[in-house]
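Engineer: give me a 3D structure for the following:
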Amino acid sequence: MRTKNSNRWFIAIMGTLLQVVLGTVYAWSFFQKPIMLEYGWTNVQTMWIFSIAILFLGLSAAVGGMILPKFGPRKLATTGATLYSFGYLISAYAMSTGSLPLFYFGFGVVGGIGLGLGYVTPVATVSKWFPDKKGLITGMVVMGFGLGALIMSKVIAPIFIKLAEGNMVFVFLYISIVLFAIGIPAALTMKNPPNGFVPKAFIVPENSNFNHDAKNELTLKQSLISTQFIGMWLVFFLNIAAGIMFISMQSPMIQDLLVQKDPTISTENLAVAGGTLIAISSLFNGLGRFFWGGLSDRLGRIQVFRLILGSQIIVFILLMFTTNTYLFGALVCYILLCYGGGFGAMPSYILDVFHEKLMPVMYGVILTAWSIGGIVGPQVAAFIRDFYSNSPELIGPTTYLTGIVLLSIGFLITLFLSNKSLISKKIK
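Structural biologist: Numbers count the residues shown, from 1 in each chain. This is a model prediction of the structure:
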């Protein structure tokens, strides 16, 4: 059954828009310092708000992948967008009462569950519409998630901070309304292709898993315990943990460099510099998902992961000797390009190695690496900042050395992985 391609492109665009809404969570470092100053919470206490959100993102994505076939993409995506928006609403009330536990529950648990259900749905759904452009299209959709921080840090948050005169309660209230107004219409467009759908002018490659021999298909259990999947999970986790350290702390880190150069710099200029870095780096985060996802179609999935991890090791080494703020920003942008690249290449990697029917569940489970990485990366970065609060010159080098260790382990693991499909391979 061949169908016009225009409908699938509309779904892909709306899936990308939904990811933009969800990706606003990556602008958290924009709020980290103002919330700390207003409520007197430590780096670690405040960072747990973000870490819990990423934890529940991965866990709920795993559940979402399992229940997606039963409930369908429209219901799951709409539920995700609603919960994420509602998380901001609860957070606004938490700040009005000064309750950190309620903040953890609202933004972290409720918002995080919304993120997971919303994130896994468009990726798994749109990939079914584009068997001919797997890396490119999944990269495009998750690119939206990376660009969300740009929209939040340079458009939504500044407008509402000015409108609310810095009152974070009203800022989060206004944000919840905007995210709901944009996210729900985008979520409602999500749907699976009709049975037997084949894109116009698409020729099914030989030996692809578009058509398969069911008797040779791996079970879900065999797939999950395979050394290939475990290796993929570890590589994904290590790349995430290293990159998300900068996502969670990039604004305070560049502000530290600026203060070292000019102790008299104003708080307003520091905030502008931090927000600008978040915006620019989030652009690279988004583009990396599209760039590396598309490149993986040409070079191969594991080859791309080797490039992503190996090149970042060099960048982290350079960061240990960097004092120039512009060079620091450029290196952070490259790290975010590679961080996003992992999300761009992984969906198509799973499709290549495992069968399409298992995609929602396998992809959901591998996103638990995001959950663990979302705790390890930000919490290590926050701990280092608190531990060396009296020796700020040690914060950067210690953070970068941690990143080098994580990336080096990940690179070594990639040397033992391949792009070979496991559909017709028996697990011993």
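
Engineer: pLDDT on the helix or strand I230 falls within, on average?
Structural biologist: Here I230 is covered by helix 227-261, with elements defined by DSSP states H and E. Helix 227-261 shows a mean pLDDT of 87 in the predicted model.

Engineer: and the next helix or strand past that helix?
Structural biologist: From helix 227-261, the next helix or strand downstream (DSSP H and E) is helix 267-299.

Engineer: tell me which residues of that next one are tucked away?
Structural biologist: Under the neighbour-count criterion of 16 or more other C-beta atoms under 10 Å, helix 267-299 has 270-271, 273-275, 277-297, 299 buried. For every residue, glycine as well, the C-beta is placed using N, CA and C.

Engineer: likewise stretch 98-105?
Structural biologist: Taking 16+ other C-beta under 10 Å as the neighbour-count basis, stretch 98-105 is seen to contain the buried residues 100, 102-105.

Engineer: quick one: I244 and I372 touch, right?
Structural biologist: No - because the distance of 10.6 Å does not satisfy C-beta atoms under 8 Å, I244 is recorded as not touching I372.

Engineer: and the helix or strand containing I384, what does it pack against?
Structural biologist: Assignment of secondary structure by DSSP H and E places I384 within helix 368-387. For helix 368-387, the helices and strands in contact under the criterion 3 or more C-beta pairs under 8 Å, 6 or more residues apart in numbering; DSSP states H and E are helix 43-71, helix 227-261, helix 395-414.

Engineer: the first one - contacts with which helices or strands?
Structural biologist: This means helix 43-71. Judged by 3+ C-beta pairs under 8 Å, 6+ apart, helix 43-71 is in contact with helix 28-39, helix 73-97, helix 111-129, helix 227-261, helix 359-366, helix 368-387.

Engineer: the longest one: how far from the chain's middle?
Structural biologist: Okay, so that is helix 227-261. Distance, stretch centre to chain centre, for helix 227-261: 11 Å (C-alpha atoms, centre = their mean, to the nearest Å).

Engineer: who are the packing partners of it?
Structural biologist: Using 3+ C-beta pairs under 8 Å, 6+ apart as the test, helix 227-261 ends up in contact with helix 28-39, helix 43-71, helix 267-299, helix 301-319, helix 325-353, helix 359-366, helix 368-387, helix 395-414.

Engineer: for the record, mean pLDDT for the fifth one?
Structural biologist: Okay, so that is helix 325-353. When pLDDT is averaged along helix 325-353, the result is 90.

Engineer: could you do the fourth one as well?
Structural biologist: Taken as a whole, helix 301-319 has a mean pLDDT of 95.

Engineer: for it, buried residues please.
Structural biologist: So, applying 16+ other C-beta under 10 Å, buried residues of helix 301-319: 301-309, 312-313, 315-316, 319.

Engineer: gap between the residue nearest to T323 when sequence neighbours are not counted and L283?
Structural biologist: Closest residue to T323 in three dimensions, ignoring its sequence neighbours and counting by C-beta to C-beta, 6 or more residues apart in numbering: L257, at 6.8 Å. Computed as C-beta to C-beta, to the nearest Å, the L257 to L283 distance reads 20 Å.

Engineer: Serialize the helices and strands packed on helix 368-387 to TSV and add fields for mean neighbour count.
Structural biologist: As requested, the helices and strands packed on helix 368-387 are arranged in TSV below (neighbours: other C-beta atoms under 10 Å):
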stretch	mean neighbour count
helix 43-71	22
helix 227-261	22
helix 395-414	20
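
Engineer: with distance to F86 added, can I get the ones you listed in TSV?
Structural biologist: Converted to TSV, these look like this (distance: least, C-beta to C-beta, whole Å):
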stretch	distance to F86
helix 43-71	13
helix 227-261	23
helix 395-414	34
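
Engineer: the ones you listed: which one's closest to G111?
Structural biologist: Evaluated over the helices and strands packed on helix 368-387, closeness to G111 peaks at helix 43-71, with 5.4 Å, by C-beta to C-beta.

Engineer: tilt between that closest one and helix 111-129?
Structural biologist: For helix 43-71 against helix 111-129, the angle by axes from the mean of the first three to the mean of the last three C-alpha atoms, to 10 degrees is 40 degrees.

Engineer: still on that earlier bit, which of the buried residues of stretch 98-105 sits closest to K75?
Structural biologist: So of the buried residues of stretch 98-105, ranked by how close each gets to K75 (C-beta to C-beta), first place is F105, at 23.7 Å.

Engineer: which residues touch the closest one?
Structural biologist: In this structure, F105 makes contact with 90, 94, judged by C-beta atoms under 8 Å, 6 or more residues apart in numbering.

Engineer: can you check the pLDDT for it?
Structural biologist: Looking at F105, its pLDDT is 97.

Engineer: what's the answer for the one 10 residues further on, then?
Structural biologist: In this prediction, L115 carries a pLDDT score of 95.

Engineer: could you pull up the residues touching it?
Structural biologist: Applying C-beta under 8 Å, 6+ apart, the residues near L115 are 22, 25, 53-54, 56-57, 60, 80, 84.

Engineer: R289 too?
Structural biologist: The contact partners of R289, by C-beta under 8 Å, 6+ apart, come to 139-140, 142-143, 145-146, 340-341, 343-344.

Engineer: where are the low-confidence patches of the stretch 151-300 of the chain?
Structural biologist: Counting by pLDDT under 70, the stretch 151-300 of the chain contains low-confidence residues at 196-217.

Engineer: ok so, going back, how much space separates the residue nearest to T323 from W292?
Structural biologist: Summarising the geometry, the distance separating L257 from W292, computed by C-beta to C-beta, is 28 Å.

Engineer: go on, S85?
Structural biologist: According to C-beta to C-beta, S85 stands 30 Å off from W292.

Engineer: just to revisit the earlier point, closest to L224 out of the contacts of R289?
Structural biologist: F343 (20.1 Å).

Engineer: separation between the closest one and T16?
Structural biologist: Look at F343 and T16: by C-beta to C-beta, they are 13 Å apart.
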